[in-house]
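Engineer: Give me a model of this one.
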Amino acid sequence: MIIQLEPSIAEPQKTSVVDAVKKIGYKPKHVATQYGDYVVCIGKKDFDIRTIGSLAGVRDVHYVSDEYQLVSSKWKVGKTAIDLGDGVKLGDGHFQIMAGPCSIESEEQVRKTVQHLQSCGVRVMRGGVFKPRSSPYAFRGMGIEGLKMFSAICRESGIKVITEVMEPAQIQPMYDYIDVYQVGARNSQNFNLLDELGRVDKPVMIKRGISGTIEELLYSAEYVFAGGNERLLLCERGIRTYEKASRNTFDINAVPILKEKTHLPVIVDPSHAIGIREYVEPVALAGVMAGADGIIIEIHEKPEEAASDGAQTLNFEESERLFRKIREVVALQERW
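Structural biologist: Here you go, the predicted structure:
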């Protein structure tokens, strides 16, 4: 059960609501976010909902059968849209393409990528500065100084920045230089990190775990929402299965299922989902057709020279063609 409180509720009224929840045998947790004040209530006992709904300071009461309550679509009317500013929105009818290299490598690379994105009308650039790599000897990113450079060039050009955060200690140093924190597949159940991201007022995109279920992804998002941050995006990026023909297995089923289960925007990452450059385009288009609210793609001027993930990265010509096709599919869906 979710109790929405009035913005003007007084502390004594809030205390009365919490006491009433305890009296009927439910466990209450107060959650205050950027946009709302809630009491999330855990329990199974039947009761007359009017005993809560009639209390002073209560705006609305919702029964939610899912244990991940705040991210569930069962209580919120309409879908959530995430506003990044300057007319860049994600979700609730606002589709966005996010593209860039796996790793930020140099100032020249960033400038060329930004110029390419501008020419293609793409408003969000991805690029890693802290890289979780399987091998300790692989390139692990340019760190916070690389992020400052990356951010400065993007800010000059009106491009928004999404990049991966790996640990709680990185959150505040990154804050002024990013528009979206990305939680990678390896960290999707790093609950200490998710707790801390609940305390910041910046959007967070959570990728599905390498072998994670849809429900586990929703629980991860619930951690951030319950911590106080409801500016959330979910990302399907493929899961590990016994199949060896591709890097991962793209779970196309996850897109419509997530769209039904949650009010949050759903993003697809075809680059990691398939891991093979020549197949990124059809997988990307499939994700868009399945109903995704946005897409995040790895691109590089010369993928064969990329510091990481070159095998799944599109060059500028390939990405321009894909961007055009994606927009055609989105336009087709709007006509439908």
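Engineer: low-scoring stretches of this protein, by residue?
Structural biologist: 137 (pLDDT under 70).
Engineer: Show me the strands in it, by range?
Structural biologist: Here the chain has its strands, by DSSP state E, at 2-5, 27-32, 37-42, 58-62, 82-85, 88-90, 96-100, 124-126, 160-164, 180-183, 204-207, 232-236, 266-268, 294-298.
Engineer: chain center to the first one, what's the gap?
Structural biologist: Chain-centre distance of strand 2-5: 24 Å, with C-alpha atoms, centre = their mean, to the nearest Å.
Engineer: about what we covered before: include mean neighbour count and distance to residue 246 when you put the strands of the chain into CSV, please.
Structural biologist: In short, each C-beta sits where N, CA and C put it, glycine included. Converted to CSV, the strands of the chain look like this (neighbours: other C-beta atoms under 10 Å; distance: least, C-beta to C-beta, whole Å):
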stretch, mean neighbour count, distance to residue 246
strand 2-5, 20, 40
strand 27-32, 14, 39
strand 37-42, 20, 39
strand 58-62, 16, 41
strand 82-85, 16, 30
strand 88-90, 20, 27
strand 96-100, 24, 21
strand 124-126, 25, 21
strand 160-164, 23, 22
strand 180-183, 24, 22
strand 204-207, 27, 17
strand 232-236, 27, 15
strand 266-268, 27, 15
strand 294-298, 26, 15
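Engineer: how about those, which one is nearest residue 49?
Structural biologist: Proximity to residue 49 (C-beta to C-beta) singles out strand 58-62 among those, at 5.5 Å.
Engineer: Next, the buried residues of the longest helix anywhere in the chain.
Structural biologist: Identified as the longest helix of the chain according to DSSP state H is helix 316-335. Residues 316, 318, 319, 320, 322, 323, 326, 329 are the ones in helix 316-335 that count as buried (16 or more other C-beta atoms under 10 Å).
Engineer: Same question for stretch 191-204.
Structural biologist: 193, 194, 196, 197, 198, 200, 202, 203, 204.
Engineer: if I read this right, the last one contacts residue 234, doesn't it?
Structural biologist: What that stands for is residue 204. No: Residue 204 is beyond contact range of residue 234, at 10.0 Å (criterion: C-beta atoms under 8 Å).
Engineer: residue boundaries of the helices in this protein?
Structural biologist: 11-23, 50-53, 107-120, 143-156, 168-175, 191-197, 214-226, 254-261, 270-274, 277-289, 316-335.
Engineer: Can you tell me which helices and strands the shortest one packs against?
Structural biologist: What that stands for is helix 50-53. For helix 50-53, the elements it packs on are helix 11-23, strand 58-62, judged by 3 or more C-beta pairs under 8 Å, 6 or more residues apart in numbering; DSSP states H and E.
Engineer: For residue 167, find the nearest of these.
Structural biologist: helix 11-23 (33.5 Å).
Engineer: Give me the contacts around that closest one.
Structural biologist: 3, 5, 27-28, 30, 39, 41, 51-52, 55-58 (C-beta atoms under 8 Å, 6 or more residues apart in numbering).
Engineer: swap in stretch 178-191?
Structural biologist: 84-85, 124, 126, 132, 147, 151, 160-167, 171, 174, 193-194, 197, 200, 202-210, 212, 216-217, 220, 223, 233, 237, 272.
Engineer: And stretch 109-124, by the same measure?
Structural biologist: 84, 86, 88, 96-101, 104, 125, 127, 149-150, 153-154, 157-162, 179-180, 299-301, 316, 319-320, 323.
Engineer: Also stretch 320-328?
Structural biologist: Contacts to stretch 320-328, defined as C-beta under 8 Å, 6+ apart, come from residues 97, 99, 116, 119-122, 280-281, 284-285, 288, 295, 297, 314.
Engineer: which strand residues sit across from the residue nearest to residue 7 when sequence neighbours are not counted in the sheet?
Structural biologist: Spatially, and ignoring its direct neighbours in sequence, residue 7 is nearest to residue 37 (6.8 Å; C-beta to C-beta, 6 or more residues apart in numbering). Each beta-bridge partner of residue 37 is listed here, defined by DSSP bridges: residue 32.
Engineer: got a list of what residue 37 touches?
Structural biologist: Shown in contact with residue 37 (C-beta under 8 Å, 6+ apart): 4, 5, 6, 7, 9, 30, 31.
Engineer: same thing but 10 Å
Structural biologist: 3, 4, 5, 6, 7, 8, 9, 14, 30, 31, 57, 59 (C-beta atoms under 10 Å, 6 or more residues apart in numbering).
Engineer: need the contact list for the first one.
Structural biologist: Residue 3 sits next to 17-18, 20-21, 26, 28, 30, 37-41, 52-53, 55, 57-62 when contact means C-beta under 10 Å, 6+ apart.
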